[in-house]
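**Student:** Provided below for reference: sequence and predicted model.
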Amino acid sequence: MRAILLALAVIAAAAPELGWAQSKSGTKAPANETRYFTAIDGLMDGNADVILKETRQGKTVTAATLDVCYPVAKNSDRKDRFVVSLTVNGQTLTGATQSNGAKEPVTVKLNRKPTGDTFEFRGQITIGKTVTEVASTDNSDVSEKEFQESQSTDDGINAQPKDFTDVSPEAVSVRLKLDAVTDFLKSLKGENVEVSLPSLIVSCDALRAGEQTISMTVDPDRAGALIAKARATNGVVTVGWTAGTVEMDRTIRFAAADWRDGDKINRDKLAGAISDVLATTYNAKPTSAVWNPVTGKLKLTLKRPSQLMPSLELTDVIEVTSLVSADKPGGADALMLWISSPTTTTVDEASSAKLILSDESSGDEEGDTRDDGGAIDELAKVFKAKRWDADNSVWK
């Protein structure tokens, strides 16, 4: 009998390997999965940027984090943000923290309800003394992969471009740690640098990344020095050229030798040559050529009698913006010339009583298109220049 019992004990011990034993439920526990809600409709009047991260085991939520970025005041561009780990109790999510900027106390209580393929959230979020009621339906979630793909951003900064065909010679951007932005901007005071006002707005993406991109316009002759200075600044992540004014279909490239005095571009000679070509093309008389000392852009103004109603003796004022630079960073052998489409305004320049005119046409550029006909080709002839072939990505 003892031998039989011993044999049964050995068989029982071997049962898992033999496949005779199963878990109590007969199935494996579901694997953990991370899902994201990248919006909760209607939260804070639709002005909040929300990311709710849930860790689930099957359909059961085991952990959750709520990340909310929101305006500090109604219609304000300034943002604050809080991130709170939520306690999960069934379908109820609760938590408390403080906002990153204003350090206001934050409490969250949300009830989560699956409704078919979507989810409903109801409850309250309190920031300081402000209570926001949450009543949001039809919210969809996404996978970890989908979320990460949606978060990828490209600020277009090229630290070492081979030339200025993909980036613009006057457009410089610098990405900095958030706590370094103010000092960097203060260092630009008194400098001949134009800072883009919209780039001063700290977006929700910037708050989450901890980095902000400042965009600037500078004379192409000084862009390299500005980039070198920025690289040596504390808190700078990356700096370089980016997209800007220059459009390649309105740009020509030509030898620099005839248009330089030493290592400087002869701007007077260039302005005169460009004005002469445009005067012929537009059948107009050049009246001014002004170089912007900050951006390095050339503003040309030409005038001609308006043909709209000749008996009124009105005048067409044509304005064109131009930019000249080396064709690549540090380049000296070739120059690039870009000119804008012309802007034409019709005015009464009579010495006595004048007719006051307004142009309420909605973007009708037909006259400007006619004026522009052949201007780029004529400039290419005078400057013995090449034009950009976008199909083959070469100058021709």
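**Tutor:** Structure's in. What do you need?
**Student:** Next, work out how far apart residue 352 and residue 53 are.
**Tutor:** Distance from residue 352 to residue 53, counting by C-beta to C-beta, to the nearest Å: 72 Å. (C-beta placed from N, C-alpha, C; glycine too.)
**Student:** who's more crowded, the two?
**Tutor:** The residue with more neighbours, out of residue 352 and residue 53, is residue 53; 20 against 4, by other C-beta atoms under 10 Å.
**Student:** isn't the more buried one right next to residue 36, touching?
**Tutor:** Yes - here residue 53 reaches residue 36: they are 5.5 Å apart, a contact under C-beta atoms under 8 Å.
**Student:** And the helices in the protein, which stretches?
**Tutor:** All helices of the chain, identified by DSSP state H, fall at 2-18, 144-151, 181-187, 204-209, 220-231, 267-282, 366-372, 375-382.
**Student:** could you dump the fourth one to PDB, C-alpha only?
**Tutor:** Backbone C-alpha positions of helix 204-209 (Å, rounded to 0.1, in the frame of the first residue of the first chain) are rendered in PDB as follows:
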ATOM      1  CA  CYS A 204       1.000  72.800 -24.600                       C
ATOM      2  CA  ASP A 205       3.400  70.800 -26.600                       C
ATOM      3  CA  ALA A 206       6.200  73.000 -25.300                       C
ATOM      4  CA  LEU A 207       5.100  72.600 -21.700                       C
ATOM      5  CA  ARG A 208       5.000  68.900 -22.000                       C
ATOM      6  CA  ALA A 209       8.400  68.700 -23.800                       C
END
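**Student:** any idea how far residue 46 is from residue 339?
**Tutor:** Counting by C-beta to C-beta, the gap from residue 339 to residue 46 is 43 Å.
**Student:** Out of those two, name the residue with the larger neighbour count.
**Tutor:** The residue with more neighbours, out of residue 339 and residue 46, is residue 339; 23 against 9, by other C-beta under 10 Å.
**Student:** correct me, but that one touches residue 324?
**Tutor:** No - look at residue 339 against residue 324 with C-beta under 8 Å: they stay out of range, at 9.8 Å.
**Student:** Tell me the buried residues in stretch 148-162?
**Tutor:** 155, 156, 157, 158, 161 (16 or more other C-beta atoms under 10 Å).
**Student:** repeat for stretch 131-144
**Tutor:** Within stretch 131-144, judged by 16+ other C-beta under 10 Å, the buried ones are 132, 134, 136, 139, 141.
**Student:** Please report how far the first one lies from residue 389.
**Tutor:** Okay, so that is residue 132. Separation of residue 132 from residue 389 (C-beta to C-beta): 56 Å.
**Student:** Repeat that for the fourth one.
**Tutor:** Residue 139 sits 49 Å away from residue 389 when distances are taken as C-beta to C-beta.
**Student:** thinking residue 266 is in contact with residue 260, fair?
**Tutor:** Yes - taking contacts as C-beta under 8 Å, residue 266 lies within contact range of residue 260: 6.2 Å.
**Student:** list the buried ones in stretch 74-86?
**Tutor:** So for stretch 74-86, counting by 16+ other C-beta under 10 Å, buried means 79, 80, 81, 82, 83, 84, 86.
**Student:** partner residues bridging the nearest residue to residue 110 once chain neighbours are set aside?
**Tutor:** For residue 110, ignoring the flanking residues on the chain, the nearest one in space by C-beta to C-beta, 6 or more residues apart in numbering is residue 123 at 4.0 Å. Bridge pairing for residue 123 (DSSP bridges) gives the partners residue 110, residue 134.
**Student:** ok, how many other residues are close to residue 41?
**Tutor:** Residues near residue 41, counting by other C-beta under 10 Å, number 13.
**Student:** quick one: contacts for it?
**Tutor:** Residues in contact with residue 41 (C-beta atoms under 8 Å, 6 or more residues apart in numbering) are 136, 137, 138, 139.
**Student:** what about the first one, distance to residue 90?
**Tutor:** It stands for residue 136. Distance from residue 136 to residue 90, by C-beta to C-beta: 19 Å.
**Student:** before we move on, what about the third one?
**Tutor:** Summarising the geometry, the distance separating residue 138 from residue 90, computed by C-beta to C-beta, is 22 Å.
**Student:** Among the contacts of residue 41, which are located in strands?
**Tutor:** 136, 137, 138, 139 (DSSP state E).
**Student:** and stretch 246-257, C-alpha only, in PDB?
**Tutor:** What follows is stretch 246-257 as a C-alpha-only set of coordinates in PDB (Å, rounded to 0.1, in the frame of the first residue of the first chain):
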ATOM      1  CA  VAL A 246      12.400  82.300 -49.800                       C
ATOM      2  CA  GLU A 247      10.300  80.300 -52.300                       C
ATOM      3  CA  MET A 248      12.400  78.400 -54.800                       C
ATOM      4  CA  ASP A 249      10.200  79.000 -57.800                       C
ATOM      5  CA  ARG A 250      10.800  82.700 -57.300                       C
ATOM      6  CA  THR A 251      14.500  82.400 -56.800                       C
ATOM      7  CA  ILE A 252      17.600  82.600 -59.100                       C
ATOM      8  CA  ARG A 253      21.200  81.700 -58.500                       C
ATOM      9  CA  PHE A 254      24.200  83.400 -60.100                       C
ATOM     10  CA  ALA A 255      27.900  84.000 -59.800                       C
ATOM     11  CA  ALA A 256      28.800  86.400 -56.900                       C
ATOM     12  CA  ALA A 257      32.000  87.900 -58.400                       C
END
